Structures are given as C-alpha cells and as structure tokens.
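S.K.: I'll drop the sequence and a predicted model, then ask my questions.
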Amino acid sequence: MNKTHHEGMEMLLHFFKLLDFELSLNEESGKEFPEIIVAPNYLIVADAVMLAQGWEVKIAAQNCSSENDGAFTGEISAAMLKSVKTDYVIVGHSERRTYFGETNLLVAKKIDRAFENNLSVICCVGETLQDRESEKQFPVITHQLEECLFHLRAEQMKNVVIAYEPVWAIGTGKNASPAQAQEMHGYIRSVISGKFGKKTAENISILYGGSCTPKNAKNIFAQKDVDGGLIGGASLNARDFLEIVKGIL
C-alpha cells in the first residue's frame with residue numbers, strides 16, 4: 001500500500017526510461033534480459049498496463065478475490081483485473097496470510113478464479129521464524145504447496161510462478177543466506193517434481209522474496225534453483241529496482 005496514483009505513475013515512467021537505456025546497452029552485449037513483472041496498487045493497474053506496452057513489461061495485481069462477483073464490498077475480482085488486461089495476480093502473499101488470515105484453501109480458490117479468467121498466478125509460500133527455529137520449515141512449505149497447488153493439472157502449472165518468502169528473514173534482523181535460499185528453492189522444486197513430474201518442475205519459475213536488495217541480488221540469483229525475485233521495499237525506488245533486475249544477468 002504505497003504510492004498515490006501520481007507518485008506511482010511517475011515512478012513507473014522513471015523506471016521505464018531507465019530500462020529503455022539499459023535495454024539499448026544490453027542489445028550490444030547480446031545478453032538476454034529477464035522477464036519483468038510490476039505489481040502496483042489497484043488504482044494504478046489499468047494505467048500501468050497501458051504505459052508498459054512499449055517496454056514488454058508484464059503487469060500484476062497484488063491480490064484478487066476468491067469470488068467471481070456479488071455483494072463483496074471492497075473486493076476486486078479476477079474478471080475485473082482481466083478486463084484491464086492485467087497479466088498476473090499475486091496470491092497468498094505473507095502479508096495477506098499474516099494480517100488478513102488468508103488460508104491455503106482460500107489461496108487455492110483465488111488461483112481457480114484467476115485461471116478461469118486467463119490470468120497467470122504468482123503463488124507465495126513461506127515459513128515463519130517459529131517454524132524455522134522449530135525445524136518445521138520443510139513440512140510447512142510442503143503443506144502450503146499441497147493445499148494451494150496440488151489440485152491443479154500439470155498443464156495449468158505452466159501458468160504458475162512460485163515465490164518463496166522466508167518470513168523469518170523479513171524485518172526481523174535475520175538474513176537468509178544464498179545457501180539457505182538455494183536449499184529451500186531446491187526443496188520446492190523437488191516437491192513440485194514429485195507431484196507434477198520432472199519436466200514441470202524444471203520449467204517452473206521459483207522466485208526469492210526475502211528482502212532482496214541491489215547488494216545481495218546477484219549472489220542470490222546465482223543459485224541454481226533461484227529463478228528471480230519477488231521484490232518488496234526495494235522496488236519503491238526505480239533505480240534500485242533496475243539494479244536488482246540486472247543482478248540476474
């Protein structure tokens with residue numbers, strides 16, 4: 001819940017101008033630039049879609065309702081998001097789980113609504129500090145994956161991105177090392193492989209969402225099973241966000 005409409009659009013325009021310059025440099029180097037997805041607040045989504053068309057940047061919503069329509073004051077449906085040509089929706093973010101009590105089963109319903117409206121999904125999973133200290137992180141993550149995603153078909157998994165959020169490392173003063181990120185990303189991929197097969201597991205993108213910054217991005221993204229990042233606070237500054245994007249090159 002950051003940026004007014006004016007502030008958000010101003011920051012996006014600044015980011016796209018920086019990106020345009022970076023892409024021109026990248027063409028000369030021959031490196032392939034990563035896919036970029038921006039998830040602004042609801043007020044900006046429709047205008048962001050229009051603005052992003054010239055840069056091949058995808059737009060995501062930060063959440064959607066588990067219901068199609070009806071008397072659910074204040075909610076935003078997947079159909080509404082698709083009507084303004086949104087590409088992705090984030091579901092199960094740690095803040096939604098923590099502050100709004102969202103469960104795995106609710107997340108699964110949101111994923112179904114998203115797919116019914118041809119939206120791709122970024123599904124967040126992650127363990128708390130208590131889970132980590134009691135060494136329950138792996139069963140906790142397995143349970144989240146099972147309840148959120150295991151009802152899907154392998155074909156549908158092509159439109160799913162998984163974001164791992166080590167909740168214990170966000171705003172706690174504790175840091176997840178690149179090795180810890182790799183350990184959990186590798187584990188998530190193995191769980192997906194066990195349910196949907198090796199090919200699906202190899203092709204699915206698993207993002208790291210634990211306080212990624214311009215300073216640590218390159219080391220984290222260098223890990224074998226880390227395919228990118230779900231960037232929070234650092235994305236509020238256009239230049240910092242671009243530096244993180246460049247960390248995967």
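M.R.: Received it, and whenever you're ready, just let me know what you need.

S.K.: which residues in this protein form helices?
M.R.: Using DSSP state H, the helices of the chain run over residues 5-29, 42-52, 78-83, 94-100, 104-116, 129-133, 137-149, 178-196, 198-203, 217-221, 238-246.

S.K.: how many other residues sit next to Lys198?
M.R.: Neighbour count for Lys198, taken as other Cβ atoms under 10 Å: 12. Every residue, glycine included, has its C-beta placed from N, CA and C.

S.K.: likewise Phe15?
M.R.: So Phe15, with other Cβ under 10 Å, has 23 neighbours.

S.K.: Buried residues in stretch 47-67, which are they?
M.R.: Neighbour-count burial for stretch 47-67 flags 47-49, 51-52, 57, 59-66 (criterion: 16 or more other Cβ atoms under 10 Å).

S.K.: Equivalent analysis for stretch 115-128, please.
M.R.: 115, 117, 119-128.

S.K.: Between these, which sits nearest Glu165?
M.R.: Gly126 (3.4 Å; Cβ to Cβ).

S.K.: what angle separates the helix or strand of the chain with the lowest mean pLDDT from helix 42-52?
M.R.: Every helix and strand of the chain was ranked by mean pLDDT, DSSP states H and E. The lowest is helix 5-29, at a mean of 90. Angle, helix 5-29 to helix 42-52, by axes from the mean of the first three to the mean of the last three Cα atoms, to 10 degrees: 30 degrees.

S.K.: Could you check how far helix 5-29 is from the centre of its chain?
M.R.: 20 Å (Cα atoms, centre = their mean, to the nearest Å).

S.K.: How about stretch 83-100?
M.R.: The answer for stretch 83-100 is 9 Å, by Cα atoms, centre = their mean.

S.K.: Ok, stretch 208-221 next?
M.R.: With Cα atoms, centre = their mean, you get 14 Å for stretch 208-221.
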